[in-house]
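**Q** Provide a 3D model corresponding to the input given below.
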Amino acid sequence: MFRRTFWFTAGAAAGVWATTKVNRKLKQLTPESLAAQAADKAIETGHKLKDFALDVRESMVRREAELGEALGLEAPVDPDLPVRRHFAVEAPEPVGPDRALGTTEYRTLPYNSYNRNEDH
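**A** Just a heads-up that it's a prediction; the model follows:
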């Protein structure tokens, strides 16, 4: 009698356990759950890429400083040398006399297009 009760209880417990596992797996495979998992992975990947970009930027700045020291770029400039013009991309800065009126022109880099199909 006890043997039958033991095996009946063991079978019921195994059935409940298997049913619970199957239901959990089915809930994980619903479209909403799959979309949430994909979104979480995308956010995680974005954070990893951001961390990588910050590490690259930090290493780049450090290496540029090392090269500047090695090449003597931090040395004082001789005032007799002519000044070279450097073009850099900067935030737009109002230029011109009409700053107070709100009509401003913005500095831009020189642009020479060599695209022959541009006029067609």
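
**Q** next SSE after the helix or strand where Asn23 lies?
**A** Assigned by DSSP states H and E, Asn23 belongs to helix 2-28. Going down the chain from helix 2-28, the next helix or strand is helix 31-71, by DSSP H and E.

**Q** by contact count, what packs against that next one?
**A** With contacts taken as 3 or more Cβ pairs under 8 Å, 6 or more residues apart in numbering; DSSP states H and E, helix 31-71 sits against helix 2-28. Placement of C-beta: from N, CA and C, glycine included.

**Q** how about the helix it packs on: buried residues?
**A** Within helix 2-28, no residue qualifies as buried by neighbour count (16 or more other Cβ atoms under 10 Å).

**Q** quick one: average pLDDT of that helix?
**A** For helix 2-28, mean pLDDT rounds to 94.

**Q** and what of stretch 34-53?
**A** 92.

**Q** just to revisit the earlier point, just the angle between the helix holding Asn23 and helix 31-71, please?
**A** Inter-element angle recorded for helix 2-28 and helix 31-71: 60 degrees (by axes from the mean of the first three to the mean of the last three Cα atoms, to 10 degrees).

**Q** from the contact counts, what lies against helix 2-28?
**A** So helix 2-28, by 3+ Cβ pairs under 8 Å, 6+ apart, packs with helix 31-71.
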